[in-house]
Structures are given as C-alpha cells and as structure tokens.
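S.K.: Attaching a predicted model along with its sequence, questions to come.
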Amino acid sequence: MEKMILNGEMKDRSEIRIDIEDRGYQFGDGVYEVIRIYNGLLFAGDMHIKRLFQSAELISISIPYTQEELMEQLKRLVKTNDLQSGIIYLQYTRGVSPRSHAFPFHQVEPVYVAYTKEMPAAKGEKAAVRAVTAEDIRWLRCNIKSLNLLGNILAKEEAVKAGCEEAIQHRGDIVTEGSSSNVFIAANGAIKTHPANNLILNGITRQVVLQLCGKLEIPVQEEAFTMEELLKADEVFYTSTGVEVTGISEVDGKIIGNGQTGPLTQKLQQAFCQEIERQCGRI
Ligand code: PDD
C-alpha cells in the first residue's frame, strides 16, 4: 500500500482525514508544489522546496521544518513507495479553524500533505502540441504557487474544449504564461519569455531552461512579448514539471514555424534531458 505524509507522519491513504474546515478545502488558503522524480531521485528538489517556503512566507504560513528536514521526509516517501518515475505532490494549508475569512485568531498548525504518483518518463523527443489563447483573468500575485487555481482551471478548460493541450494566457496584448506552464518564443535565433514578476509563476523548469540557454549561449530576453510576436514567432514552446520542454505547433489555429518542434526547442530539449541525466541518471 502506497504511503502518504500527513503533518510529517507516514500514513496509509485510508488513515488520512481532512477536516471540512481545513482552510485549504474552504478557501484554497494554502500553497503547493509538484516535483518530478526520475530514477527514484528528485529533479531540482532544492529549487522546489525553496519556492514552497517563499510561497508560504508570502501568505504568512509558517512551515515548522527546515528545508533540509522537509527534503529528507520527501526522499523517505519516494523510497518507501519505491517510486522510480513520477511526481510528488505536496501542499500546505493554513490549518483547521471555524470558517471566517480572517486568519485564525488563535495560532493553528498548518496542515501538510504529500503523496506520490507514478508517471512514465517521456523518453525521446515529444511531439509538438496545439494551444489556444485565453485572457488572463487571474489575480495579481501569480508568483505565489497558491492552491487557488480557478483562473488556471477555466483557461485550461478553454484548451480542452478546443481539443488543444494548453491555453496561453494574455493580459490584454501581453502574453503572460500557460494555464499550468511557462511560455517561450524564439525569433531570429533569440528567445523571449515573460519576466519573473507578480504576473507569472517563476517555473522551476523555466529557471533550468534559462540556465541552459546561458550554457548554450542562446540569447535570452526575460521581457514581455505581445500576442502578435507570439503568432509570428519562429518557434513557441512551453515548460513545466509535467511537460518538461515541449514545442507548440499551432496557436489559435495559426501554424507556428513549420508546425513541428523547432531547432532551438529541440536543442533545449536535448540539453534538458542531459540535465535530468546529470541530476538523476540516465532515463
Ligand atoms: N504547474 N505556471 C503555472 C501557472 C503553473 O501552474 C506551473 C506548474 C508552471 C511551471 O512551473 P514548474 O516548471 O515549476 O512546474 C508555470 C504544476 C506542474 C501543476 O500545477 O501541476
């Protein structure tokens, strides 16, 4: 039986009860992370844990462990579940308290849950996918990896309804990010992606890709780009823990480049695979 963590203790799923007055359940008052596992090892684990602590701090949830302690617990969970390829999902909510919008008057313990899920590692090159665009209707603190995902969910549903994989969000004319990913364009040999400010989540995959661009000497601008630049780009790709680096072949029915994963995207896919190998071994 697969184990999960509830507040630092390893338990069977059947033993876990979540209170209906958990503020995560009622308000989405919490933060989360999704970490990829390759060969039983956490990919960019330190970066994910650091972002979890940053998100928690930004909404005044205090995590009662050090980053090292939390990391040890997650490694133990992966080992106990004998997970080779998959993800860890973990979330922290503000805790259980009688429903009231204000923070609980008395100090409450945050509620922390973590579990693993199998997911095969994508071996070889992934086919490019289709995307739609959707107005970004989310709040102005998208840098926090909050449990509140309604805006993201509604955007993703637009993609699903159009038979596409992802919705590329935009605030007016400016492209921000995908519903659950970061978006990049390539034009004239250089790459652009929205700067890591309050309008996007600074994806861990995004950060790794930017480092790889540096190593490969691919020029990158962390600069806002327009819908017109998106549609006219030579290449468009998106990144996340789940999709890694994946090309986008079509946006709102308009073919990008030659409708296949472009050369810069391929180069970054290969470099990303090598980075996985460096951290977790051959997949
Ligand atoms: N989502 N932007 C948003 C809005 C996201 O939800 C995600 C990831 C990303 C990419 O972040 P990273 O590279 O750290 O995975 C960007 C996760 C995977 C999810 O909600 O399942």
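M.R.: That came through fine.

S.K.: okay, now the domains of the protein?
M.R.: 3-118, 129-280 (automatic domain parsing).

S.K.: how far out from the middle of the chain is the strand or helix carrying Glu69?
M.R.: Assigned by DSSP states H and E, Glu69 falls within helix 67-80. Taking C-alpha atoms, centre = their mean, to the nearest Å, one finds helix 67-80 lying 20 Å from the centre of the chain it belongs to.

S.K.: Stretch 24-39 now?
M.R.: 10 Å.

S.K.: Please apply the same query to stretch 221-240.
M.R.: Remark: stretch 221-240 is offset 18 Å from the chain centroid, using C-alpha atoms, centre = their mean.

S.K.: Compute the mean per-residue pLDDT across that stretch, please.
M.R.: The pLDDT scores in stretch 221-240 average 98.

S.K.: To what extent is whichever residue of the stretch 51-200 of the chain sits closest to the ligand buried, counted in neighbours?
M.R.: The nearest approach of the stretch 51-200 of the chain to the ligand comes at Ser180, 3.9 Å away (C-beta to the nearest ligand atom). In this view, the C-beta of every residue, glycine as well, is placed from N, C-alpha and C. Neighbour count for Ser180, taken as other C-beta atoms under 10 Å: 21.

S.K.: does it count as helix, strand or coil?
M.R.: Following DSSP: H, G, I helix; E, B strand; the rest coil, Ser180 is assigned to coil.

S.K.: contacts for stretch 78-91?
M.R.: 2-3, 5, 10, 24, 30-42, 52, 74, 77, 112-121, 147, 241-242, 283 (C-beta atoms under 8 Å, 6 or more residues apart in numbering).

S.K.: Buried residues of that stretch, list them for me.
M.R.: Neighbour-count burial for stretch 78-91 flags Val78, Asn81, Leu83, Ser85, Gly86, Ile87, Ile88, Leu90, Gln91 (criterion: 16 or more other C-beta atoms under 10 Å).

S.K.: Ends of it, what's the gap?
M.R.: By C-alpha to C-alpha, to the nearest Å, the extent of stretch 78-91 from end to end equals 16 Å.

S.K.: Arg94: what's it in contact with?
M.R.: Arg94 touches Arg23, Gly24, Asp29, Gly30, Ile59, Ile61, Phe103, Pro104, Val108, Pro110, counting by C-beta under 8 Å, 6+ apart.

S.K.: I figured the second one was touching Thr93, is that so?
M.R.: Yes - the pair formed by Gly24 and Thr93 meets the contact definition of C-beta atoms under 8 Å, at 2.9 Å.

S.K.: Now for the two: what residues contact both?
M.R.: Gly30, Val111, Leu147.
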